[in-house]
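Enquirer: Using only what follows, build the 3D model:
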Amino acid sequence: MKEVIEVSNLSVYYENNEAIKNISFKADQGQLIGIVGPNGAGKSTLMKAVLGLEKYRGNVSILGKRVQEVRKQISYVPQRNQIDWDFPVLVEDVVMMGRASHIAWYKRPGKRDKEIVQECLDKVGMTKFSKRQIGELSGGQQQRVFIARSLAQQADIFFLDEPFVGIDVTSEEIIIDLLRELKRQQKTVFVVHHDLSKVQDYFDQLLLINKELIQFGAVEKVYTPEILQQTYKGSLALFGTDDHKMVVTPQ
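Expert: Residues are numbered from 1 along each chain as shown. Reported below is the predicted structural model:
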């Protein structure tokens, strides 16, 4: 497999407090990777640092280059609570934002850009809402629109921060199906995720952190009671198995 990301000794400090410490890992092309850990473990901080959105110590290489050199090939979907949903913008315009890196600043979107926007809206089942204000939509619909924006960018590596929080079942099914399709296209997808009961169904690999890297590897190797207890410490309850799958609930 082709290596697409290498992170070495990554640390982030907030006013001399360590948010994450000395995290190192390598990720390959065509993987669907879940980032899991307890609240306050530094999951979002790790993602933002890798993207160059947080100051950090250490080294990050994406596609063998600095993140600033490969921005066009990276797509990021932030947490929904970080977005101003009252901003007056149409759904189709939000998705067109994903084309920004493909359109020269002095040009207007072309025919192909508009076609891609419509294709992406269709993939997330939001075509009929294209002329709606983004703030008029439900939480699940809003998340689907931002996934469509991400798809419109036609990136190679995708980062999604808690994409399944506060959305309906239909939206979650649509989104995970799209992420699996990206994997089949040999894209690499990172997802900050909190629902441990679904990690075996959703991901190929897990990156478990609690300010430090606990384990990174194939789900079948690292999704164990011992590693989960090490990750969540006293904030995890194990309830046995369900159809041969561990049922775990962060407390």
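Enquirer: Name the spans of the chain whose pLDDT lies under the cut-off.
Expert: Applying pLDDT under 70 to the chain picks out residues 234-251.
Enquirer: residue at max distance from the center of it?
Expert: Of all residues in the chain, residue 106 sits farthest from the chain's C-alpha centroid, using C-alpha atoms, centre = their mean; the distance is 30.8 Å.
Enquirer: Relative to residue 50, how far out is that residue?
Expert: Look at residue 106 and residue 50: by C-beta to C-beta, to the nearest Å, they are 32 Å apart. Heads up, the C-betas are built off the backbone N, CA and C, glycines and all.
Enquirer: thinking again about what came up before, the residue farthest from the centre of the chain in helix, strand or coil?
Expert: Of the three states, residue 106 takes coil under DSSP: H, G, I helix; E, B strand; the rest coil.
Enquirer: Which neighbouring elements make contact with the one helix or strand residue 182 maps to?
Expert: Secondary-structure element containing residue 182, defined by DSSP states H and E: helix 169-184. Identification of packing neighbours for helix 169-184 by 3 or more C-beta pairs under 8 Å, 6 or more residues apart in numbering; DSSP states H and E yields strand 32-36, helix 139-152, strand 157-161, strand 188-192.
Enquirer: what about residue 101, how many residues close to it?
Expert: Residues lying near residue 101 (other C-beta atoms under 10 Å) number 14.
Enquirer: which residue sits closest to it, ignoring its sequence neighbours?
Expert: Taking C-beta to C-beta, 6 or more residues apart in numbering as the measure, residue 101 lies nearest to residue 72, with 4.5 Å between them; neighbours along the chain are not counted.
Enquirer: Repeat that for residue 131.
Expert: For residue 131, ignoring the flanking residues on the chain, the nearest one in space by C-beta to C-beta, 6+ apart is residue 90 at 5.9 Å.
Enquirer: Verify the stated contact: the one you found with residue 134.
Expert: Yes: in this structure residue 90 lies within contact range of residue 134 using C-beta atoms under 8 Å: 7.3 Å.
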